[in-house]
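Visitor: for reference, the sequence and a predicted model appear below.
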Amino acid sequence: MSRVTAFALVLCLFALVAVSSNHAQPQPHFEVPTSGLAATNGLPIGVWRVQFANDVIETCEVRRDGTVTVTEPGRTSPAKTVIQSSRVVVLYDDDRIERWTPVGKRLVVEHWASSSQWPTSAPVLGIADRIE
């Protein structure tokens with residue numbers, strides 16, 4: 001698959017998610033809800049390969065207890081999860097945030113490089129495929 005085709009797929013999936021999402025006003029900064037932390041219901045348990053539009057590839061292991069570990073070139077970080085409707089928000093210890101939205105057997109992944117960017121700035125988009 002060419003980069004252009006992959007990027008077009010990511011944009012189409014993101015548009016689908018954006019149209020189906022509620023239109024709540026953006027918050028200036030993410031606050032972790034007290035409920036839902038480490039919930040197992042709705043978590044995409046397993047190992048996922050995420051290919052981002054900027055060519056970064058990360059591998060994430062999501063465990064039943066709601067913890068996550070991400071590995072990519074030059075970065076490894078543990079994380080916790082929060083369930084928001086049908087989405088999973090991943091809060092990394094290195095101050096990054098991702099929002100994972102299921103689309104069929106794949107996930108659309110929105111990545112913010114800093115929690116201060118959540119959710120008001122544009123995320124880097126990616127597609128996750130389960131590898132284990």
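Guide: Sure, I can see it.

Visitor: and residue 132, how far from residue 92?
Guide: 20 Å (C-beta to C-beta, to the nearest Å). To be clear about C-beta, it is placed using only N, CA and C from the backbone, and glycine gets the same treatment.

Visitor: neighbour count for these two, which is higher?
Guide: residue 92 (20 against 9; other C-beta atoms under 10 Å).

Visitor: shouldn't that one be in contact with residue 69?
Guide: No. In this structure, residue 92 is not within contact of residue 69 by C-beta atoms under 8 Å, at 9.6 Å.

Visitor: what sits in contact with each of these two?
Guide: 77-79 (C-beta atoms under 8 Å, 6 or more residues apart in numbering).

Visitor: what's the ChimeraX line that selects buried ones from those residues?
Guide: Paste this into ChimeraX to select the buried members of the shared contacts of residue 92 and residue 69, with burial taken from 16 or more other C-beta atoms under 10 Å:
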select :77,79
